[in-house]
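>>> what's the 3D shape of this:
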Amino acid sequence: QVQLVESGGGVVQPGGSLRLSCQFSERTSALGWFRQAPGKEREFVATIRYNGHTYYDDSVKGRFTISRDSAKNTMFLQMNSLSLEDTAVYYCAAGMRTIQSSLRRASAYEYWGQGTQVTVSS
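Residues are numbered from 1 along each chain as shown. This next block holds a predicted model:
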């Protein structure tokens with residue numbers, strides 16, 4: 001059972017930055033970030049595979065950066081140039097046997113954190 005604990009959410013003005021952290025209990029095939037806004041389905045944000053390769057949704061490419069510190073068992077999501085549309089609960093997810101073709105699907109990840117709220121507001 002992989003345990004995931006997110007932190008770093010908060011309230012920020014448009015154009016601001018936040019860094020989310022996800023502490024994980026063991027190494028997995030892929031670690032990802034998803035988000036869910038009120039009334040919307042959970043959507044893919046970014047993921048990093050065991051080999052360090054990263055993947056982003058087009059809506060965050062160039063603004064968000066996913067990274068991992070394996071020594072500290074922690075994954076990060078650096079979010080810059082935040083906009084109102086980025087407001088959501090952000091979830092950390094871990095997949096044990098995630099293949100490349102399924103990385104953007106929530107169903108490919110077996111374990112989930114409790115979520116952290118990110119609110120972009122002026």
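>>> quick one, phi/psi of K72?
Backbone torsions for K72, taken as degrees, to the nearest 10, come to phi -110, psi 10.
>>> residues contacting it?
With contact set as Cβ atoms under 8 Å, 6 or more residues apart in numbering, K72 has these partners: Q23. The C-beta positions use only the backbone N, C-alpha and C, and glycine is treated the same way.
>>> how much space separates it from F24?
Between K72 and F24 the distance is 10 Å, computed by Cβ to Cβ, to the nearest Å.
>>> so E85, which of the three states?
Under the three-state scheme (DSSP: H, G, I helix; E, B strand; the rest coil), E85 adopts helix.
>>> any idea which element the closest residue in space to F44 that isn't next to it in sequence lies in?
Distance criterion Cβ to Cβ, 6 or more residues apart in numbering; nearest residue to F44, sequence neighbours excluded, is R104 at 4.3 Å. Following DSSP states H and E, there is no helix or strand that holds R104.
>>> give me the pLDDT for R104.
Model confidence at R104, given as pLDDT, is 94.
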